[in-house]
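Undergrad: Here is my input; please provide its structure:
(chains A, B and C)
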Amino acid sequence: MKPQRSLEIGTGLFVLLGFAALFFLTTQLPGSGLSLGEQAGYRVTAKFDNVGDLKVGSPVSMAGVRIGRVEAISFDPSDYRAVVSLQIESSFDRVPDDSDASIQTQGLLGGKYVGIGPGGSETFLKEGSQIEFTQSAIVLESLVNKFFANFASKDAGTDTAKAE
Amino acid sequence: MIGTSLGRIGAVALFLLRVLGQCLPALAKPRAVIHQIYNAGARSLIIIMLCGLFVGMVLGLQGFDLLQRFGSEDALGVAAALGLLKELGPVVTALLFAGRAGTALTSEIGLMRATDQLTAMEMMAVDPLRHVIAPRFLGGVIAMPLLVAIFDIVGLFGAQLIGVQLMAVDPGAFWSQMQAAVELDDVNEGIVKSICFGFACSLIAVYEGYHAPPTAQGVGLATTRTVVVSSVLVLLIDYMLTAAFLGR
Amino acid sequence: MSAPPVRIRDLHYAVGARPIFAGVDIDVPQGQITAVMGPSGTGKTTLLRLLTGQVAADRGRIELFGQSVGDTDKAGLYALRRRTGMLFQNGALLTDLTVFENVAFPVRAHARLPESVLRRLVLTKLEAVGLRGAADLMPSQLSGGMARRVALARAIVMDPELLIYDEPFVGLDPISMGVIVRLIRELNETLGVTSIVVSHDVEELATIAHRSYLLSEGRVVASGTPDELARSQEPVVRQFMSGAADGPVPFHFPAGDLAADILGKSAQVGGRS
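TA: Residues are numbered from 1 along each chain as shown, chains lettered A, B, ... in the order given. Here you go, the predicted model:
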């Protein structure tokens, strides 16, 4: 019975290892995966003019630390803005309720994430809060356009000042 | 030529139906299936992990070299993860499986045929399809996705080893970009592929073994055919599944 | 008394164009050892395959326990085979199981016995063939003679009514052969198992068989008790019993004209018909 026993243990180890690997792949790799402790934490919403290519599952971070993930992205037809629902882990329960949310980019080609900049309020975000201050995704082209437009108008301003 | 090819495909399909019919009764005696999961899975573990590590490390090197030309080395995690999950993991594992476990199955069953063991079972009123073929088929089908998952994890570790430790890619960027870019659909594609490959490789292996001529030469040829047919079939199925997943 | 265990009538069977059997009649009476003899290549093993329904006859009728094998479906065949034990030429033990598990295999497949009962049953059968001590060995650790005895234990573990031995003496040393001969006789005498022994070992068979059939060229050329065969004056029987190379059974496989074959002109000459 000895060899039978070690065979069963070997098989058990293999199956366990395999399922652990499968579990890791499905839950930990994709940000949008079936993450553990989905219910733990609270949900807040934020409205953006433009979410860029923000995706469900993108990280939510504060000072570079991941504190949650994007749970849903929908569209509010009343004011034509995107409603992003953020799920914040419950251990980060002291985020001031006047904090601002902005959509930022990891590196030049990286994915989008929601960055939270802390405010100064004594009251904190809780389930169902809405973040009032938001900054939309920076679209590279419009940024470049704006930059040149600014440059041009500043140029024009100094010209008129000189003339006076 | 076409006629024999068609005949073979039909024969394999019919054989699959007969094996599938015996799978449920075979599961009622799980000990044999466990034994075969051990044979097909646990015994292939070392080679799978070794190859996974090297494939991951190569991905790390090549990916880094490619990505740094665009100044986005931080995306190495994404490149390695997607490459492993969607393609390299399932395909390389399936090819190794065909060579390691598939050939072992074919030669084992072929030798059982050649030494009258299968006939002896029939004479004992025991259906070899149920007691020999179905457990081996199930063992392969169950083991393959697990092997692929392990291959993926070890491969990621290898890519991380090269990227982060050797090439100094920021570890945070490596993992967080990966997590942001990889979607559940990507993981699912890999799992679906691995299940399909498991079916194909196990079926070919047991079919060739069961129908091998009961001679030394016959078993040898059948073993070779297992590797060739399985490999071609895996790549064919891989193309079709990739196209199907991209087309969604 | 019920139908005889085995009755074969007018059996015809051919592989391709080569006829193996052309009208064979064999009766195996209850409780006796019947020997089927014949030179190599007369289809003795094929006869067993036909008998157990592994291949279908072209014409004729084969009855096993009064049931026609040709008209029985798979479930019915399996039911018949459960009443039959078979000893293969090389033993055909399952190489991935121990000796004990090999003998236990048919029991496990067909019945749910408590482990203690199963153990006693298997060890009793192994004791009967003198190999109880080898229960934990793997088949690869056995000699040819031991493997055959284990296979015999496996064949009798379900207490069959009919035992079929396919070339039980081939490739054995004289001592192992003697052991097998003794076992066949003991099983027959103590348990009353009807037995069919297919072999070409004339001397061994003569000591145990109640009745022998001699096959040649697809027909039964002689039958009777071993003594009758030994005293027979028929040339075929004489040649076989004494082992002469030439006689009615030709030394050459059927072939065309030798000279034509060698000169490579067989096509023109038409040597092969």
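Undergrad: For chain C, name the helix or strand with the lowest mean pLDDT.
TA: Lowest by mean pLDDT, DSSP states H and E among the helices and strands of chain C is helix C:266-269, with a mean of 49.
Undergrad: Skip the chain neighbours and tell me the closest residue to the residue in chain B positioned nearest to chain A.
TA: Using Cβ to the nearest Cβ, residue B:146 is the residue of chain B that sits closest to chain A, at 2.5 Å. To be clear about C-beta, it is placed using only N, CA and C from the backbone, and glycine gets the same treatment. Nearest residue to residue B:146 in three dimensions, chain neighbours excluded: residue A:18, at 2.5 Å (Cβ to Cβ, 6 or more residues apart in numbering or on different chains).
Undergrad: which ones are touching residue B:57?
TA: Residue B:57 makes contact with B:158, B:159, B:161, B:162, according to Cβ atoms under 8 Å, 6 or more residues apart in numbering or on different chains.
Undergrad: Just the buried residues out of those, in PyMOL syntax.
TA: In PyMOL syntax, the buried subset of the contacts of residue B:57 is picked out as below (16 or more other Cβ atoms under 10 Å in any protein chain shown):
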select buried, chain B and resi 158+159+162
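Undergrad: out of the contacts of residue B:57, which one sits closest to residue C:85?
TA: Proximity of those to residue C:85 (Cβ to Cβ) peaks at residue B:158, which lies at 56.1 Å.
Undergrad: Am I right that that closest one is in a helix?
TA: Yes - counting by DSSP: H, G, I helix; E, B strand; the rest coil, residue B:158 is part of a helix.
Undergrad: Can you pull the domain assignment for chain A?
TA: According to automatic domain parsing, chain A comprises the domains A:1-30, A:42-144.
Undergrad: quick one, what contacts residue C:40?
TA: By Cβ under 8 Å, 6+ apart, the residues touching residue C:40 are residue C:200.
Undergrad: What is the subsequent helix or strand relative to the one helix or strand residue C:107 maps to?
TA: Taking DSSP states H and E as the criterion, residue C:107 maps to helix C:99-110. As assigned by DSSP H and E, the chain's next helix or strand after helix C:99-110 is helix C:115-128.
Undergrad: list the buried ones in that following helix?
TA: By neighbour count on 16+ other Cβ under 10 Å, the buried set for helix C:115-128 is C:118, C:121, C:122, C:123, C:125, C:126, C:128.
Undergrad: Save those as a markdown table, and put in pLDDT and distance to residue C:180 too.
TA: Formatted as a markdown table, those follow (pLDDT from 0 to 100; distance: Cβ to Cβ, whole Å):
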| residue | pLDDT | distance to residue C:180 |
| --- | --- | --- |
| C:118 | 89 | 26 |
| C:121 | 89 | 22 |
| C:122 | 90 | 20 |
| C:123 | 90 | 21 |
| C:125 | 87 | 15 |
| C:126 | 89 | 15 |
| C:128 | 84 | 13 |
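Undergrad: near chain C at all, stretch B:89-107?
TA: No - using Cβ under 8 Å from any Cβ of the partner chain, we find that stretch B:89-107 stays clear of chain C, coming within 11.7 Å at best.
Undergrad: What residue in the stretch 51-200 of chain C comes nearest to chain A?
TA: residue C:98 (9.0 Å).
Undergrad: Packing partners of the lengthiest helix in chain A?
TA: Longest helix of chain A, by residue count under DSSP state H: helix A:2-27. Contacts defined by 3 or more Cβ pairs under 8 Å, 6 or more residues apart in numbering or on different chains; DSSP states H and E place helix A:2-27 against helix B:30-40, helix B:134-160, helix B:184-210.
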